[in-house]
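J.: Below is the sequence, then the predicted model.
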Amino acid sequence: MTEEERWKAVLSCDTTYDGQFFYGVKTTRIFCRPSCKSKNPKRENVIFFDTKEQAERSGFRPCKRCRPDLSEFQPQKESAERIKFTYNRYFSDHNQLKEELKKLGFNRNRIIQLFQNQYGKTPVEYLNELRITSAKKLLVDTQDTILQIALQSGFESLSAFYTQFRRLMGISPNLYRKQASVKSLGYSEDNL
């Protein structure tokens, strides 16, 4: 590959050349992947490297934007994973969840976009699944009321809980609890 072909790949931020070569900017002493979205440097300030090790040996440091020092850099995936971790940890506390999501630095639309692109479902769908999973466990393992379980699982109202439970499980929470207790006693439904 000629230097001119490499330069064209840099100007077009072509991801197909990532890993095939790296470029450094002499004035900043930073090296990047060809796909880096940073401002295009002046051609006379650019030097090309075959490997990241070659760039580092020449005294260049990795770009913080495109992270050429990492074998795989997927910022959107990492962001979606941080969002999912936050949902998993705070799904039952709306106020805390809202605060923790703010700390991630994304607006609501960006959170939805990142999450849906990575996991194929909306955050609301995922949160409802987490909350129903929590509720199912509480229905089986506790004697708490349905209202207590709904609130402990992160639902803000009993009607929202019933709606989501029925939508995901196909039965009411009361019937789910009854069937779970029958199964734990070893009875079949035919014996009732």
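T.: Arrived safely.

J.: And the strands in this protein, which stretches?
T.: Using DSSP state E, the strands of the chain run over 22-25, 30-32, 46-49, 61-62.

J.: so what's Tyr90 up against?
T.: Gln96, Leu97, Glu100 (Cβ atoms under 8 Å, 6 or more residues apart in numbering). To be clear about C-beta, it is placed using only N, CA and C from the backbone, and glycine gets the same treatment.

J.: What is the burial count for Cys36?
T.: 20 (other Cβ atoms under 10 Å).

J.: Please state the backbone phi and psi of it?
T.: When read as degrees, to the nearest 10, the backbone of Cys36 gives phi -60, psi 130.

J.: Now do the same contact list for it.
T.: Val10, Cys13, Cys63, Arg65, Cys66, Pro68 are the contacts of Cys36 under Cβ under 8 Å, 6+ apart.

J.: Now with 10 Å, please.
T.: Counting by Cβ atoms under 10 Å, 6 or more residues apart in numbering, Cys36 touches Val10, Cys13, Asp18, Phe22, Tyr23, Ile30, Cys63, Arg65, Cys66, Arg67, Pro68.

J.: just Thr15 next, same as before
T.: Thr15 touches Ala9, Arg33, Pro34, Ser35, counting by Cβ under 10 Å, 6+ apart.

J.: now do Phe48
T.: Here Phe48 is in contact with 1-3, 6-7, 9-10, 21-24, 31, 34, 54-55 (Cβ under 10 Å, 6+ apart).

J.: pLDDT wise, what is it at?
T.: In this model, Phe48 is scored at 96, pLDDT.

J.: still on that earlier bit, quickly name whichever of the contacts of Phe48 is closest to Leu114.
T.: Nearest to Leu114 among those is Pro34, at 24.3 Å by Cβ to Cβ.

J.: what about the closest one, how many residues close to it?
T.: 25.
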